[in-house]
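Novice: What follows is a predicted protein model with its sequence.
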Amino acid sequence: MTCDTLQLTGDGLPSGAREVPLAELVSTYLRASAPCAFCDVCLAVAVREPVEAVHRTVEGLTEPAQFTRKTGRCRTCRSTKRIVTRAEPRRLQASSVRAAG
């Protein structure tokens, strides 16, 4: 399976002028790019936002268990480092069953 890097934004607007919240922008990009995984720097370049803001956003996305942070290979730069990807649906279902039980 191939994963192409998408560019979702490019307006260069300050974050206050962005129509879509950064968390929504990042999560939409990751869902559209699944199962690919990205480091914070490459993800920031892809959504054209500052690395620090993307890092803080990604750290917040992992709490609902929709996304996973782990050490792995970034799809774009090919470096092995801390990456983020969409959680596998099977893992989400297993978590839901355990929580309900």
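Specialist: Perfect, I can see it now. Numbers count the residues shown, from 1 in each chain.

Novice: When you work out contacts or count neighbours from here on, use the C-alpha atoms and nothing else.
Specialist: Noted.

Novice: Which positions in stretch 52-61 come out as buried?
Specialist: 54-55, 57-58, 61 (16 or more other C-alpha atoms under 10 Å).

Novice: Now intersect the residues you listed with the helices, please.
Specialist: Among those, DSSP state H puts 54-55, 57-58, 61 in helices.

Novice: By pLDDT, give me the weakest of these.
Specialist: Lowest pLDDT among those: Leu61, with 84.

Novice: on that earlier part again, could you export the buried residues of stretch 52-61 to JSON lines, including columns for distance to Pro21?
Specialist: Output for the buried residues of stretch 52-61, formatted as JSON lines (distance: C-alpha to C-alpha, whole Å):
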{"residue": "Val54", "distance to Pro21": "11"}
{"residue": "His55", "distance to Pro21": "14"}
{"residue": "Thr57", "distance to Pro21": "10"}
{"residue": "Val58", "distance to Pro21": "13"}
{"residue": "Leu61", "distance to Pro21": "13"}
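
Novice: Kindly check the end-to-end length of stretch 32-50 for me.
Specialist: End-to-end distance of stretch 32-50 (C-alpha to C-alpha, to the nearest Å): 20 Å.

Novice: list the buried ones in it?
Specialist: 33, 36-44, 46-49.

Novice: ok, which pair from those is furthest apart?
Specialist: Cys36 and Glu49 (19.2 Å; C-alpha to C-alpha).

Novice: rewinding a little: in strands only, show me the buried residues of stretch 32-50.
Specialist: 38-39 (DSSP state E).

Novice: Now render the buried residues of stretch 32-50 as JSON lines, adding distance to Arg78 and pLDDT.
Specialist: Converted to JSON lines, those look like this (distance: C-alpha to C-alpha, whole Å; pLDDT from 0 to 100):
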{"residue": "Ser33", "distance to Arg78": "15", "pLDDT": "93"}
{"residue": "Cys36", "distance to Arg78": "11", "pLDDT": "94"}
{"residue": "Ala37", "distance to Arg78": "10", "pLDDT": "96"}
{"residue": "Phe38", "distance to Arg78": "9", "pLDDT": "97"}
{"residue": "Cys39", "distance to Arg78": "9", "pLDDT": "97"}
{"residue": "Asp40", "distance to Arg78": "13", "pLDDT": "97"}
{"residue": "Val41", "distance to Arg78": "12", "pLDDT": "97"}
{"residue": "Cys42", "distance to Arg78": "10", "pLDDT": "97"}
{"residue": "Leu43", "distance to Arg78": "13", "pLDDT": "97"}
{"residue": "Ala44", "distance to Arg78": "15", "pLDDT": "97"}
{"residue": "Ala46", "distance to Arg78": "15", "pLDDT": "95"}
{"residue": "Val47", "distance to Arg78": "18", "pLDDT": "95"}
{"residue": "Arg48", "distance to Arg78": "19", "pLDDT": "94"}
{"residue": "Glu49", "distance to Arg78": "20", "pLDDT": "95"}
